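K.L.:
Any chance you can model this:
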Amino acid sequence: MKKYFLIILSALLIYSCDEDSVSSFTYDAEVDETYTYNVTTQTELVVLNTNGNVNITGSDTTTNLYCFVTNKVESKLSESDAQSHLSDIDISIEGNANNFNIEVDNPNNDDRNYVITLNIILPNNFNQILTLGNGNITVNSTTKKLMGYLGNGNFIADVTLSDTCLAEISVGNGNLNLTIPGGTNALLTASVGNGNISNNGLNFQNQQISNNRFSGTLGNGAGRILLSLGNGNVTMNKK
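P.N.:
Purely as a prediction, here's the structure:
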């Protein structure tokens, strides 16, 4: 997935435009879609999106995966142009024995901007691999593995992690906010290029602190949490 992350960041550099150009997308149209899949043997969700938002909610009662999609087209030309190009957006959702894969193909066009929001409800304890170029990611669930890669935007995770967890979250520009129970068992490392790292209530042992790096042990340290941010602030909170 790191390969996909690098590809998305490269695409964003090509896709980006100046502030005046962005503000000229004055017309828009959107449509909502809903997808439902029965969860049988699957234990992992993989999401790849270029521009928009990804919101994950874990549930103790559902046995399905629900994906609520909002497709939005912003146009410089007209509202009818935005409406007519909603069909340009291609969303692929595939399930196999082990995982569900959701991939969004965002067209690249100077006259239009495509924004896709994915609101996903799934059973708790699903592993999650989430990649987004531009936008925001929110996660509220119980999981053993959380891998998150975000180019520009905010990553907010309110999660309960198992004792042998692996959580790796990387953000280029924005803010990273992680909320976990005080009883979490993990070795945590956080780093930031330009910004601050703060802790609200988590009881770390063996802390090592510098201007742009923090590490410490929660509980028995059985799991692993890695937080990396280029520009912005990292906030760690106790539930």
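K.L.:
Which strand in the chain has the most residues?
P.N.:
The residue-count maximum for a strand in the chain (DSSP state E) belongs to strand 127-180.
K.L.:
pLDDT of it, averaged?
P.N.:
The pLDDT scores in strand 127-180 average 97.
K.L.:
what's the next secondary structure element after it?
P.N.:
Next in sequence after strand 127-180, counting helices and strands by DSSP states H and E, comes strand 186-194.
K.L.:
related to what we said a few turns ago, I'd like the distance from the longest strand of the chain to the chain centre, please.
P.N.:
In terms of C-alpha atoms, centre = their mean, to the nearest Å, the centre of strand 127-180 is set 6 Å apart from its chain centre.
K.L.:
swap in stretch 213-228?
P.N.:
Taking C-alpha atoms, centre = their mean, one finds the center of stretch 213-228 at 20 Å from the center of the full chain.
K.L.:
Mind giving me the packing neighbours of the longest strand of the chain?
P.N.:
For strand 127-180, the packing partners by 3 or more C-beta pairs under 8 Å, 6 or more residues apart in numbering; DSSP states H and E come out as helix 2-15, strand 44-59, strand 112-123, strand 186-194, strand 223-238. (Glycine included, C-beta is placed from N, CA and C.)
K.L.:
Hey, what's the angle from that strand to strand 223-238? Just curious.
P.N.:
40 degrees (axes from the mean of the first three to the mean of the last three C-alpha atoms, to 10 degrees).
K.L.:
So for stretch 39-54, mean pLDDT?
P.N.:
The pLDDT scores in stretch 39-54 average 96.
K.L.:
Pull out the buried residues from it.
P.N.:
39, 42, 44-54 (16 or more other C-beta atoms under 10 Å).
K.L.:
Now for the residues you listed: which two are most distant?
P.N.:
Val39 and Asn51 (27.8 Å; C-beta to C-beta).
K.L.:
Go ahead and confirm Ser198 touches Leu227.
P.N.:
No: counting by C-beta atoms under 8 Å, Ser198 sits too far from Leu227 to count as a contact (11.8 Å).
K.L.:
Find the residues that touch each one of these two.
P.N.:
Val234, Met236 (C-beta atoms under 8 Å, 6 or more residues apart in numbering).
K.L.:
So these two - more neighbours on which side?
P.N.:
Per other C-beta atoms under 10 Å, whichever of Ser198 and Leu227 has more neighbours is Leu227, with 25 against 12.
K.L.:
Does the residue lying closest to that one once chain neighbours are set aside have any beta-bridge partners, and if so which?
P.N.:
Of all residues not flanking Leu227 in the chain, Ala190 sits nearest, at 4.0 Å (C-beta to C-beta, 6 or more residues apart in numbering). Per DSSP bridges, the residues bridged to Ala190 are Phe214, Leu227.
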